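Asker: sequence below, structure please.
(2 chains)
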Amino acid sequence: MSSSSSTSRAGEQGPSFRYTPALANEIEEKWQSWWDSHGTFVQPNPGEPGFDGSRPKFFCMDMFPYPSGAGLHVGHPEGYTATDIISRYKRMKGCNVLHPMGWDAYGLPAEQHAINTGEHPAAFTRKTIDTFRRQLKRFGFSYDWTREFATIDEGYYRWTQWIFLRLYNAWYDEDQRRARPIAELVAEFKAGKRPLRYNSKAAEYAHAPGVTAQTVAGPWEQVDYETRRSVVDSYRLAYVSEQLVNWCPKLGTALANEEVIDGRSERGSHPVVRKPLRQWMMRITAYADRLVEDLADVDWPESTRSQQAEWIGRSEGAEIDFPLLDPDKSVTRTLRVYTTRPDTIFGATYMVIAPEHPLVASALEEGRPETDVEAVEAYVARAKSRSDVDRQADAKTKTGVFSGIVAINPATGEEIPVWIADYVLMGYGHGAIMAVPAHDERDFEFARAFGLRIRDVVLSRVHWAMAYFARHATEEERGGNGWLAHLADFLGLVTSTNAEPDHMPALLERARATRPETGAGGGDAGVGRRGATQGEWLETIASMGFGSFDDLRDAFARGTIVERFGIAYSGAGHAINSANDGVSLDGLSTAEAKQRIIAWLEERGIGRRKVNYKLRDWLFSRQRYWGEPFPIVYDERGFHFPVDESKLPVTLPALEDFKPEESLDPQPLLAKAKEWVRTTASEVGVGELPPDAIMRRETNTMPGWAGSCWYYLRYCDAKNGGRFVGREAERYWMTGRAGGSGASDVPRPIGGVDLYIGGNEHAVLHLLYARFWHKVLFDLGDVSTPEPFQKLFHQGLITSYAYQRSDKTLVAVDVVDNRGTEEKPRYFARDTGEEVAQITAKMSKSLKNVVNPDDVIADYGADTFRLYEMYMGPLEASKPWNTRDISGLFRFLQRLWRLAVSEETGELRVAGGASEAHGEIEKLLHRATVRVEQAIEKLSFNTAIAALIEVVNAATSSVGAENGPGLTRGQLERLSLVLCPFAPHVAEELWSRLGREGACSLAAWPGVDESLLRDSEVELPVQVQGKVRARIRVSADADDPTVTAAALAEPKVAELLGGRAPKKVIVVRGRMVNVVV
RNA sequence: GGGCCUGUGGCGGAACUGGCAGACGCAGGGGACUUAAAAUCCCCAUCGCCGAAAGGCGAGUGCGGGUUCGACUCCCGCCGGGCCCA
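Answerer: Numbering: from 1, shown residues only, chains lettered A, B, ... in the order given. All right, here's what the predicted structure looks like:
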């Protein structure tokens, strides 16, 4: 169906002054240009003319879009309408509202376009921005367009470069837990206050060649320039490092870990290989702890917070030293491992070292009889020829060889073999593990392949209960096959009460006490109900294949449950078989067991608590053209220097050809600009070198995330030419008193943007990077809050209907027919005649179910579009677009219009005095106003709109057949005001037709008469035994005895009571009455 | 496999903190107006059974249990869907 054919359906013909799509479009364009020319939504900053400091502030922001060539899709305006409603509402409530829009404009698609067409990315991007802006303006969003910018503007990216230099010139002080200027570090080195030593974090995370935490360079005065530089550089938050990177030959760039999915590029799905490259890195790992901790103080969706926490992947584990037996049985060495599950140490039945581990060499040298030198050498040689990726890839088939070395499990005192296997990687942890086959899948596979011992040391709740039963069943309970029923009964009780090990004795007693004497059939109600699940448990136990009670008991006693089931149990549970003379973990939960064993290890000096992170430093270089150039130059020796602040921005060179060299030996694209690359020290303001020293510019560019890391700050003061954001503007918008209950629910709100709405696809990357930069700026005193975004909200995806064949493949909407009825639709694919199922799916070109917002606006107007998208359902839910439903919202506006404007004459229709009907409507209007307020605060726009519809419907009904006016002037005015955030154009038009001066959008939100919110008399349902049997009318403030008496007086209630006195009567004030017999 | 979310009429969805399930909209049925259609306005509408009707009875928020005077809402287990991470 073409979009234009539906135009007539919205009602083009009819009376001349009807609210038609044409009229809607006319009204909307009129008010949009009125707002523009009157600067209605321009929000002055503190100190500027027109700024009113007595008002609270509200900073309400969308995730700015990347303007793609395809233009706006219906997903964009969903979040934008939501923030617009909030912003308009807050403004009417008397807030200073910062509601800006801008463009995330550097990125791969424009460069790909340049490669394909030769059109310069800048020219192309400017065009797409113009399209986006035009489309957005047509929605009537109340952005302060004077603050608009794109990340590609010189006035913006010079400050992106400036912030890069802030990071470059900063280091993380572990003691103070904050970033500090690098100059302070240098000063401490010079003064000898701090030993001149490489950054231990650099050694750990960057794997800088030849650098270890222990390396001490000596006093500052005694070391050469190069050493000083390399020591200082190892501390910078932005640093250069030779990294194994994800190199994508096809895209001609390295990618961040976050941008690689299953070995392919997130964008374009091209193969990615690991390759060593000198890269700029951001030391985000320094902030790992704070990035996790501060999640507690922001008002964010739980799912997003847990995604970030998971990405950072903080795990508390332990480092443990396992003693190694020398050939003469003495112990002179230990083998250090890291584990996140120290609680399973009693189940460590062997160890594994990586083929590259230094211990391998000593095993070969020592010449123990147990060492098969040939086999070990062959294995190590083979492992060397394989990459990490390969080694991980075919992890299913475990290979390995016994080293001949034997270690001692410090918890059990047992001698355990040390194996060499390539499933342990040298680059991770210490290149050695304690293997706990019962509770780690890889260890389990390996143990099975090589016949190593598997011993349970953690049991799930059910297994724990079974073990308890196995130990404590009475002679009678074990007899014959009776134990099966008793166990099933017990397990039913355990699982229904969520029992902990401590509760087992009591539960077993209870099971015995309530056990029916004669097996199934008899017993009290409690046992009968429990019996319902007993059957299931009988089946479950049967499937475990225990031949007898003795078999069960032995399996648990020997700790061979995992082995029996053939699958490792890696979850949390409770410890078992985990005790020695010094410590017992038995019965402790996994979390408790970890703490206790770590305490024991530390006490004995053989292990220590150790925190580990999954988060790696952020790879910050791209070998592309369309990104911010680095403000960095190199001298002829290869040392890097910052471009002086006064020389910013570093602009991109002109380039003819944007095609990357598809190669395994990467060259950044900017290296092609030979003229640009070559510069001098004076040109870039490097003062410590002679002015005419030849310098070479950094040819990498920044990743697409750079510009979006701080744009919210720039909105506060978008035109500032002297600073990235003015101090006062930043302090006002980021920390000022937030208006309304936009205040957050978290215990210690920490300020920042009051509401930030965008898709959850940015849950990790953008939001993590932005938080990181913000924290650095906070530490350096450049911003006032530790977090950028106080409240975050994700709008759901707008999906569309599509069709699915029985084999789950999808069918486009234009080749499917409905051969059923409207009520019972049945869909068939036109080509094959196969019946297909209607499902919801992402809008996509191939499914032919993409909706273009421009068409919808042409057909119904922007007000209807806004209402429809907000009415579809909860903002956070993903929901299907259904064009058919739009007409309901259009009709709503049409009815409202008809209430106020005569369709025949175009004249205003206003009721005079207050008739009886108007009294009811007055109440309804006040109540709707309150409902709308509450709904907006909860972002529950669908229910707010429902309340507005109810008012209009009631007013329409009251008009009745005589066709007279339905609402008074005052009522129409107030209705326009509460409608204004949702459908601002209609509201403005009615407002002005009602003769009001100025913008409805800036008028004060209407007050509410509390006395009209409550009825004097209420109808209460009377329940008998929880079923509604009668209704009574009582005064709203009637006390409980009065209500009880009225309820019992109801004939129906009396009849059901049959003369008996009720056992209890529950009165819920203003809600209902429940009579319990 | 793990984490988070989710399951309510033909459809989208309401339901405050445990208190009348199905607000509001779409689609549907009936009526008024009209020569007619459209548009508009009014009424009906979860399902089953009884009844000519008024009305009555019963069931009902994925399934099975539990807690409670009372459960869409809380707890346990299962099944299905989505997103994220492996």
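Asker: can you tell me the SS state at the residue nearest to residue A:751 when sequence neighbours are not counted?
Answerer: Closest residue in space to residue A:751, ignoring its immediate chain neighbours: residue A:785 at 4.1 Å, by CB to CB, 6 or more residues apart in numbering. Where C-beta positions appear, they are placed from N, C-alpha and C, glycine not excepted. State at residue A:785, reduced to three classes by DSSP: H, G, I helix; E, B strand; the rest coil: coil.
Asker: count the neighbours of residue A:785 for me.
Answerer: The number of residues packed near residue A:785 is 20, by other CB atoms under 10 Å.
Asker: one more: residue A:1015?
Answerer: The burial count for residue A:1015: 11, using other CB under 10 Å.
Asker: tell me the contacts of it?
Answerer: residue A:1036 (CB atoms under 8 Å, 6 or more residues apart in numbering).
Asker: now it: how far from RNA strand B?
Answerer: Applying CB to the nearest atom of the strand, to the nearest Å, the value for residue A:1015 to RNA strand B is 11 Å.
Asker: how about the nearest residue to the residue nearest the centre of chain A, chain neighbours excluded?
Answerer: Closest to where the C-alpha atoms of chain A average out (CA atoms, centre = their mean) is residue A:304, at 2.6 Å. Excluding the flanking residues, the one nearest residue A:304 by CB to CB, 6+ apart is residue A:763, at 4.5 Å.
Asker: circling back to that earlier point, in the one helix or strand the residue nearest to the centre of chain A maps to, what counts as buried?
Answerer: Using DSSP states H and E, residue A:304 falls within helix A:302-312. Neighbour counts over helix A:302-312 (16 or more other CB atoms under 10 Å) mark A:304, A:305, A:307, A:308, A:311, A:312 as buried.
Asker: for the closest residue to RNA strand B within the stretch 201-350 of chain A, give its distance to residue A:793.
Answerer: The nearest approach of the stretch 201-350 of chain A to RNA strand B comes at residue A:303, 3.1 Å away (CB to the nearest atom of the strand). Using CB to CB, to the nearest Å, residue A:303 is found at 12 Å from residue A:793.
Asker: any regions of the stretch 951-1077 of chain A where pLDDT drops low?
Answerer: A:960-965 (pLDDT under 70).
Asker: which parts of it sit against RNA strand B?
Answerer: The stretch 951-1077 of chain A comes close to RNA strand B at residues A:953, A:956-957, A:960-961, A:1019-1021, A:1023, A:1025-1029, A:1064, A:1066, A:1068, A:1071-1072, A:1074, A:1076, as judged by CB under 7 Å from any atom of the strand.
Asker: now list the buried members of those residues.
Answerer: Of those, these count as buried by 16+ other CB under 10 Å: A:1020, A:1023, A:1029, A:1072, A:1074.
Asker: residues contacting the fourth one?
Answerer: This means residue A:1072. By CB under 8 Å, 6+ apart, the neighbours of residue A:1072 are A:1020, A:1021, A:1022, A:1023.
Asker: pretty sure the third one sits against residue A:1071.
Answerer: It refers to residue A:1022. No. With contact defined as CB atoms under 8 Å, residue A:1022 does not count as touching residue A:1071 (11.5 Å).
Asker: burial of residue A:419, as a residue count?
Answerer: Using other CB under 10 Å, residue A:419 is surrounded by 21 other residues.
Asker: which residues does it bridge with?
Answerer: Beta-bridge partners recorded for residue A:419 (DSSP bridges): residue A:352, residue A:402.
Asker: that one and residue A:355 touch, don't they?
Answerer: No. Applying CB under 8 Å, one finds residue A:419 not in contact with residue A:355, separated by 10.7 Å.
Asker: no more questions from me, cheers.
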